[in-house]
Structure formats: structure tokens, C-alpha cells
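Undergrad: Attaching a predicted model along with its sequence, questions to come.
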Amino acid sequence: MRKNIVAGNWKMNNDLAQTQALISDLVEQTQTSNAEVMIAPTFTNLYSACEALREANIEVISQNMHFAKNGAYTGEISACMLKSIGVETVILGHSERRAQFGETDALLAEKVNAALENNMRIIFCFGEELNDRKTDNHFNVVKGQIKNALFHLPESAWKNIILAYEPVWAIGTGETASPEQAQEMHKFIRETLDNKYGVDTANSVSILYGGSVKPNNAKEIFSKPDVDGGLIGGAALNAIDFYAIVNAF
Ligand code: 13P
């Protein structure tokens, strides 16, 4: 059966000392939980985070990567570089990457291929903007994002893919999708997968919700049948809040 996952996306926050301090706080909070726990520090702190969490039940993951193996790509990081320090999972397609760094579905398809070729797991993000929802276009937008970046993949690739529905209007705004809105979209996503790959694949893929998940709303959102966890921004920067969310399962 699919896994419950809670992943903290730290975005561009925390220098080395702050990363180490937050990691010790997280280790103090760690207990047996019903969810897989992941954190995504910045590139410069991935190695020390991997070292610090080698024995812990927290996986260190990356916020991004380039599609090429190596070469003249100033400022970029490749899948094999991530793998060489012990990072096995990468977030791709975050709305901040799409909006601020011009990442398109076509580019994301290349990144997806590169991650899979390197046997990495992917947390693939997508989600509509406010205007899409207001114009009742949110299902089309989400379907297009999934189809364009992922539907060229064979069924066997899906064991390494985790989906994260993050409506752009709910990210960092304090305004979360209601549990019903999240469930409605997650169900639609699972049906979209079912139509393309069949029910077994559709039921095996974890679909996370992201967008202003906090300790006070996580339990209700996670109680929905098609919501398998969360991708957490702001609340992942505090160990007590983050573990309150993890323990909402
Ligand atoms: P917030 O939890 O801060 O809304 O961020 C969500 C997010 O973008 C996680 O990737």
C-alpha cells in the first residue's frame, strides 16, 4: 500500500549553524511515527545534514537538480553529485521554480528522466494559480502539468514517484485548501493516473498536499482518503511544529 510521507521543504532558509541547530531539535522530537519523514535543506547544507542524520529516521532530500550529468552549467548540481553524498530523493517542479526560474513542463520532463536514470525518487510538485481556480480551470491545469512532465514514463517508473499537489494560492499565504478541496483534487489526480496507468499504479502512488499546512490543520487534511501526507514550508522550520504535523498521522 502507499506510504504516508511528511517532507519539510526548507527553501532558501538556514545557514550551516542554523541547519545544525534545527537538525538537533528534530532529532530530539523524533519518535516512531506512521509517516516517512524527509527534510530538504539548501544545497550547501545537504552534506552536513546527511552526515548528522545517518542514523536517524529522517531522509535528507534535495530541493532541485539539473538534468545533465556534468558540464558547462554554472551554478547547477547534478543527480550524481547528490547521490554521491547520500541524497536519494529530489523535489522537482516546485511552483517557485516554475514561476521565478522559468521551469517549464518540458524542462521538468528532462529533470524527471535524469533523476530516474540515476535511481532517485522524485517528489513532483504541481498546482494551479488562484485565477485558474476562480475560472474553474484548476483540474485542467493540474492534469496538464502531470501529463506533460510525467505521462511519457513507463508504468514501472511510478514506484519512484511521489506527487505533491500545491495550489499556488495556498503557499506561504496562511490560506490553506480546505480538506474537501484537497480531497477533491487528490481524487481527481488518482483518477487521472488510473485512466493512464490502471488502478494498481494509481493506488500505489503517494499524493502529498502542500500549502500552509500547520499543526492545527494537518490532522483534518491528512484524514482524507486520498491525501497521503504533506509537503511543508514555513512550519518545517520549527521542530516542534514539524513533528506535530508528522504526528498528525
Ligand atoms: P508553506 O507551508 O509555507 O505554505 O509552503 C508550502 C510549500 O511550498 C512546500 O513546498
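TA: It's in.

Undergrad: which one is N203 nearest to, not counting chain neighbours?
TA: In this structure, N203 finds its nearest non-sequential neighbour in R2, 6.8 Å apart by Cβ to Cβ, 6 or more residues apart in numbering. Glycine gets a C-beta too; all of them are placed from N, C-alpha and C.

Undergrad: Quick check: the one you found is in a helix.
TA: No. Secondary structure of R2, determined by DSSP: H, G, I helix; E, B strand; the rest coil: coil, with no helix assignment.

Undergrad: name the helices or strands packed onto the strand or helix carrying K219?
TA: Assigned by DSSP states H and E, K219 falls within helix 218-222. Judged by 3 or more Cβ pairs under 8 Å, 6 or more residues apart in numbering; DSSP states H and E, helix 218-222 is in contact with helix 179-197, strand 229-232.

Undergrad: what sits against the closest residue to the ligand within the chain?
TA: Closest residue of the chain to the ligand, Cβ to the nearest ligand atom: G233 (2.2 Å). G233 is in contact with 9, 11, 171-172, 210, 212, counting by Cβ atoms under 8 Å, 6 or more residues apart in numbering.

Undergrad: wait, what's in contact with E166?
TA: 94-95, 125-127, 209-211, 231 are the contacts of E166 under Cβ under 8 Å, 6+ apart.

Undergrad: Which of the residues you listed has the largest number of neighbours?
TA: Within the contacts of E166, most neighbours by other Cβ atoms under 10 Å means Y209, with 32 neighbours.

Undergrad: right, and the secondary structure at that one would be what?
TA: Here Y209 is strand, with the state taken from three-state DSSP.

Undergrad: quick one: pLDDT of it?
TA: We note a pLDDT of 98 for Y209 in this prediction.

Undergrad: Run through the bridge partners of it.
TA: Beta bridges link Y209 to Y165, G230 when assigned by DSSP bridges.

Undergrad: picking up where we left off before, per-residue confidence at the residue of the chain closest to the ligand?
TA: 97.

Undergrad: Please name whichever of the helices and strands packed on helix 218-222 is nearest to M81.
TA: M81 lies closest to strand 229-232 among those, at 23.0 Å (Cβ to Cβ).

Undergrad: Would the following helix or strand past the closest one count as contacting the ligand?
TA: Following strand 229-232 in sequence order, the next helix or strand is helix 239-246 (DSSP H and E). No. Applying Cβ under 6 Å from any ligand atom, one finds helix 239-246 separated from the ligand by no less than 9.6 Å.

Undergrad: before we move on, what about stretch 164-183?
TA: Yes. Stretch 164-183 reaches the ligand (Cβ under 6 Å from any ligand atom) through 166, 171-172.
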